[in-house]
Each structure stands twice: as structure tokens, then as C-alpha cells.
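**Q** Kindly generate the corresponding structure for this input.
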Amino acid sequence: LVDEKNLKEMNESLKEYKANNKVISYNEDEGSIIFPVNTLLPAGSKEREEASIQLCTTISNFGVAMTIQLPIQLFAFEIALQLKAEKKKRSFLTKEEVTEIGTSLQLDKESDINEALQYLHNVTIILYYREVDILKDLIFVDPKPILDVLSRLIAITYVNHDKLQQIANPPPSIDERKTLKNFGYFKVDIFKNIGKQIFNKNFNSSHMIALLKHLHIIAEVGEEGNYFFPCALPSYDKLCDSPTEIQPLFIAWEIKNGSTTTLAIPQGLFPLTIVHLLEQKDDKVDFCPDPADNKMEYYRCHNAMSLRVHQKIYIHIINHYTHIEIRLDKCKKSCLQIRDLVKEAIESSCKDLNCKDDHIFAFKCPENEKCYCIFQEDDKSTRCTLPSQCDVLQGDDDSYRCWFIDKLSSPG
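**A** Numbers count the residues shown, from 1 in each chain. Here you go, the predicted model:
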């Protein structure tokens, strides 16, 4: 459970976001950004409903809104889907049920119904994945129960043992819990105990696994039936010092606010990127040895991950929330391969998040710890986000140049 000390530390880690007018602060006077929510409140209870209203009211008071252009016929279709799901007391409908609703609204052809469903999916009103065979006959009208199951899966890793029955009944074994918390691994059977409220003959744990794999939230690893869920892992306690033989490479989005330049990454990018890397077919990517059983410093955390490429190249990928850092252990000749490997995973993750992929590469400025040196491909140099005369790619220091040796001419 998160106590006051943990909450204060978490808020402190987000301090650079406090000046961003797009960030809603919970208590501006106390410098608190995070809105504390008790995720253990029973589903469907009055207390959980009151907590939801309080959170929604806070967001609403800041004038947060999203406008979606929706044809009137599709608006009626969407409302009819919601009413039907409520009547059925389900979060989803079958394709047969949806077809019946569409026909009543003069969506007579199956192609018309498919186009309507795809439109509603594209504007994130519903979830519809007809390209996934096992999911093609399911339309998720309300994703909240699915999110509740994921929340319960994460909660298993930190809830006190005497409270576990509120999350799963019967609760997972000690070994299941340790495996999930320490390694991020779980087996499909765990959903039978935490997803009872949404599963039935039309939607069961196999459908849930297919959905999470398609969304790249989990990855199938090792022997059949083992799944990896990076969000279940703990945060890192402490990072090792950055290497100097190969300077860490940063990937981020450049945010310009007047004369100020900051870096940021889309929320949810890091775990998606890790899953995409583990799913690589051409480049064999797997986990490094267990950190607890090895003298080397490896990470298996939700915000820092050590991976092995082709059984011999060890990389560390760290989420700093403003940027993603890539560290490479020795093997300088592999920098280009690793750069492109991670870049490809990030591009795939951007498609999942439906966000524009205009990321930049950067380094930490050697002259100013608050400054970044952003790589400029057009003139094969770097520019600093703060006034500085350094250009880390000039000269013969290949601890920086090794990441872009394919784009740079020889020094001198």
C-alpha cells in the first residue's frame, strides 16, 4: 500500500511537471500532483461510486473536455449499444446482438455495421478488434471492467495478505504472488479468480489473454502458458552510475513552451516498448539473468528493464518519465543495432497509443545537468536546450559518436 511517505516521494519525482499548465494538480498549495484513490474499494459499492464521482468532479472543475464529431445515426447507434449492454448487465455485446441493433437503426448491410463499429472504435468510444479471430464477435462497450481486472492483477503484488480476498477469491498462492511481483510472470488461471465479475460463456480468460496480447500489454514468454506483465513489477530502488565508455542515449519528445524547451514521453510508452522488444522475431530479445542471483547489476522493474539481445548484448532501458534512457554494456560496435531496435519498438508503441511519432534522440549535456544535447540529423550535430557551446558529436569522442556513426562523417 502507498503511505504518506511514498506519496510524498512520488509527488517529488513529478516536480518538473508542476509548471505545466496541462497538468492537473491535486493540491497546488502543498505541491501535490497525484490524486490519491483507494483502489481496494469493492466493485459496485457506494464508497467506490463516491470516490469515482469525487475524481471526475475534480477533473471536470478544471474544464477538461474532448470534442468528438459523431454522425447522428452513429450517435443513436452508440447509445443503443450502451443501453443494451446495461440491460444485459455486461460490458460487451456479441456481434449478433450488435447486428440486431444496427438493423433497427437502418444499418442494413453488414459492411455498414462494420464501418460504424470501426468508426466508434477509432474515436475510442468502444473497443472492436475484428482482425483478432477469437475477438471478432465481441464488441466492448465499456472497457472499465477490463481495467478493473488489470488493476486487481497489479494490486496482488502490494496488497497485504489479509486483504487479498478483496482482490481474488480464492487468493493466489504465495509462489504465484512472488512470481508476479518479482518477475512479472503469471499464468492464465489467475484470471479465473480476479475476473469472475466479467467472465461468462462468451468472454472468458482466453479472450482476456488474446485482448491483452493484441494490445501489447502482456507478452507470452518461455514455456507455453507463461505471460509477462511489466506493470506488475516494482519500481527500482537505485540506479547504478551511468557508463562513460558508451554515453547513454535518450529518446524523447521535444516540448517547446515559449523560450523554454523540455522533454517528455507519452504516458504508457515504456511498458509497451518493453513488450514490443520481447516480441521481436528477427532480433532475439530475452531477459537478463535474475538480478538476485547475479553479481552484475540488472533491472527487472516497471520503470527499468535489462534485456539481452542475441544472448550476448546487454542493454538497460530506463523510464525517466521525461525521457527513455538506453544504456549499453560495452560492445560499442552494437550501438547502431540497439538504437534501431529500440527505435522500431517505440514506433510500434506510438501506433498502439495513436500518437504522433516525432521523437528525438538526445544526450545529457556534459556542461549543464539541466540541459540536453539534441541530435540534429540535418546537419549531423547536436544543439543544447539551454545556452551552451558544446557539441558532443564533434571531435573524436566516440562514446557519443558510436550511436550515430552511420550518419556522421569521420572527424577532422
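**Q** Domains of this protein: list them as residue ranges, please.
**A** Here the domain parsing of the chain from automatic domain parsing is 72-140, 249-404.
**Q** Could you point out the helix or strand that follows the helix ranked longest in the chain?
**A** Once the chain is assigned using DSSP state H, the helix that runs over the most residues is helix 335-353. Proceeding N to C from helix 335-353, the next assigned helix or strand is strand 360-364, under DSSP states H and E.
**Q** Any chance you could list what contacts the following helix or strand past that following strand?
**A** Downstream of strand 360-364, the first helix or strand assigned by DSSP H and E is strand 372-376. With C-beta atoms under 8 Å, 6 or more residues apart in numbering as the contact definition, strand 372-376 has outside contacts at 250, 252, 254, 263, 323, 360-365, 381-385, 390-393, 404. Where C-beta positions appear, they are placed from N, C-alpha and C, glycine not excepted.
**Q** buried ones in the longest helix of the chain?
**A** 335, 338-339, 341-346, 348-350, 352 (16 or more other C-beta atoms under 10 Å).
**Q** could you check the angle strand 360-364 makes with that helix?
**A** 120 degrees (axes from the mean of the first three to the mean of the last three C-alpha atoms, to 10 degrees).
**Q** Give me the residues contacting helix 335-353.
**A** Here helix 335-353 makes contact (C-beta under 8 Å, 6+ apart) with 215-216, 246, 249, 251, 266, 268-269, 272-274, 276-277, 280, 283, 285, 309, 313, 315, 317, 324, 326, 328, 356-357, 359, 361, 402-403, 405-406.
**Q** and what of stretch 222-238?
**A** With C-beta under 8 Å, 6+ apart, stretch 222-238 has contacts from 150, 153-154, 156-157, 180-181, 183-188, 209, 212-213, 217-221, 270-271, 274-275, 278, 299-305, 318.
**Q** redo that, cut-off 6 Å
**A** Contact with stretch 222-238 is made by 154, 157, 180, 184-187, 218-221, 271, 274, 299, 301-304, as judged by C-beta atoms under 6 Å, 6 or more residues apart in numbering.
**Q** Out of the residues you listed, which end up buried?
**A** When the contacts of stretch 222-238 are checked against 16+ other C-beta under 10 Å, the ones flagged as buried are 154, 157, 180, 184-186, 218-219, 221, 271, 274, 299, 301-304.
**Q** just checking, which of these belong to strands?
**A** Y185, F186, A219, C301, A304 (DSSP state E).
**Q** Tell me which two in those residues are the farthest apart.
**A** Spanning the widest gap among these are F186 and A304, at 20.3 Å by C-beta to C-beta.
**Q** What segments of the stretch 1-150 of the chain are strands?
**A** Applying DSSP state E, counting those that start in this stretch to the stretch 1-150 of the chain gives strands spanning 92-94, 127-128, 138-140.
**Q** Spatially nearest residue to the residue nearest the centre of the chain (excluding sequence neighbours)?
**A** Central residue of the chain (C-alpha atoms, centre = their mean): G268, 2.5 Å from the mean position. Nearest residue to G268, sequence neighbours excluded (C-beta to C-beta, 6 or more residues apart in numbering): L353, at 6.1 Å.
**Q** Please pick the buried ones from the contacts of helix 335-353.
**A** Buried, going by 16+ other C-beta under 10 Å: 216, 246, 249, 251, 266, 269, 272-274, 276-277, 280, 285, 309, 313, 315, 317, 324, 326, 328, 359, 361, 402-403, out of the contacts of helix 335-353.
**Q** one step back: so which of the buried residues of helix 335-353 is the closest to D397?
**A** Once C-beta to C-beta is applied, the member of the buried residues of helix 335-353 that ends up nearest D397 is C335, at 13.5 Å.
**Q** Which pLDDT value belongs to the closest one?
**A** At C335 the predicted local distance difference test score is 93.
**Q** which stretches of the chain have low pLDDT?
**A** Within the chain, the segments meeting pLDDT under 70 span 1-3, 13-26, 28-31, 39-40, 42-44, 62-66, 291-296, 379, 408-412.
**Q** And the helices in it, which stretches?
**A** 4-13, 46-61, 72-88, 95-104, 110-122, 144-155, 174-183, 191-194, 205-214, 269-278, 335-353, 398-401.
**Q** Of the ones you listed, flag the one that's most buried.
**A** helix 269-278 (a mean of 23; mean count of other C-beta atoms under 10 Å).
**Q** other SSEs contacting that one?
**A** helix 335-353 (3 or more C-beta pairs under 6 Å, 6 or more residues apart in numbering; DSSP states H and E).
**Q** can you redo the ones in strands among the buried ones among the contacts of stretch 222-238 as JSON lines with distance to S104?
**A** Formatted as JSON lines, those follow (distance: C-beta to C-beta, whole Å):
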{"residue": "Y185", "distance to S104": "46"}
{"residue": "F186", "distance to S104": "42"}
{"residue": "A219", "distance to S104": "41"}
{"residue": "C301", "distance to S104": "51"}
{"residue": "A304", "distance to S104": "52"}
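**Q** Of those, which is the nearest to N169?
**A** Taking these together and measuring to N169 by C-beta to C-beta, the closest member is F186, at 16.7 Å.
**Q** Give me the residues contacting stretch 266-277.
**A** Outside stretch 266-277, the residues touching it (C-beta under 6 Å, 6+ apart) are 216, 219, 230-231, 285, 305, 319, 345-346, 348-349, 352-353, 355.
**Q** Keeping just the C-alphas, turn it into PDB.
**A** Provided in PDB are the C-alpha atoms of stretch 266-277 (Å, rounded to 0.1, in the frame of the first residue of the first chain):
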ATOM      1  CA  PRO A 266       3.700   9.700 -24.000                       C
ATOM      2  CA  GLN A 267       2.100   8.100 -20.900                       C
ATOM      3  CA  GLY A 268       2.200   4.300 -21.200                       C
ATOM      4  CA  LEU A 269       5.000   4.200 -23.800                       C
ATOM      5  CA  PHE A 270       7.600   2.400 -21.700                       C
ATOM      6  CA  PRO A 271       5.800  -0.900 -20.900                       C
ATOM      7  CA  LEU A 272       4.500  -1.100 -24.500                       C
ATOM      8  CA  THR A 273       8.100  -0.700 -25.700                       C
ATOM      9  CA  ILE A 274       9.400  -3.500 -23.500                       C
ATOM     10  CA  VAL A 275       6.600  -5.800 -24.700                       C
ATOM     11  CA  HIS A 276       7.300  -5.000 -28.300                       C
ATOM     12  CA  LEU A 277      11.000  -5.700 -27.800                       C
END
